[in-house]
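[1] Here is my input, please return the structure:
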Amino acid sequence: MKILVGYDGSNQSKGALELARKHALAFSAKIYVVTSLFGEKETTPQEVEAAEEGLEYARNSLTDAGIDVETHLLIRGVAPGEDLVQFARENNVDQIVVGVKKVSPVGKLIFGSNARHVILNAPCPVLSVR
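    Numbers count the residues shown, from 1 in each chain. Next up is the predicted model:
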């Protein structure tokens, strides 16, 4: 089994990582921890460095639990939601775990949620964590 976790260092993504850890231990699964940054002028070197540090944290916490893990920093010029769906297709992922933020009804209309995109377009089941 292959599990993809969308990880950005937020409390929601840490919750997603924890749920994926439990599933990986229960099902002897491999976890892909993926951070997606848009790239070009929209991404600073500091954001890349912070993403790399976050992925290192995730890798260490999963490796310490005895889980087979790969981390990936994607900078492919697409929105993170699209990037995660594309990565899931490319790697035949069986399950995606994403953190979602609780926002106001107005926020839902204007922010174009990456989690929403993943949930609606993923090639496999998606678990959301608040």
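[2] Show me the helices in this protein, by range?
    11-27, 45-64, 80-90, 105-110, 114-121 (DSSP state H).
[3] Please identify which of these is closest to residue 97.
    Evaluated over these, closeness to residue 97 peaks at helix 11-27, with 4.4 Å, by C-beta to C-beta. Every C-beta, even on glycine, is put in place using the N, C-alpha and C of the backbone.
[4] Give the buried residues for the closest one.
    Neighbour counts over helix 11-27 (16 or more other C-beta atoms under 10 Å) mark 12-17, 19-21, 23-24 as buried.
[5] between these, which is closest to residue 76?
    Using C-beta to C-beta, those come closest to residue 76 at residue 13, 19.0 Å.
[6] Who are the contact partners of that closest one?
    5-7, 98-99 (C-beta atoms under 8 Å, 6 or more residues apart in numbering).
[7] Residue 94 reaches residue 24, doesn't it?
    No: between residue 94 and residue 24 there is no contact under C-beta atoms under 8 Å: 11.1 Å.
[8] what's the closest non-adjacent residue to the most centrally placed residue in the chain?
    Closest to where the C-alpha atoms of the chain average out (C-alpha atoms, centre = their mean) is residue 6, at 0.4 Å. Leaving out its chain neighbours, the residue that sits closest to residue 6 by C-beta to C-beta, 6 or more residues apart in numbering is residue 98, at 4.5 Å.
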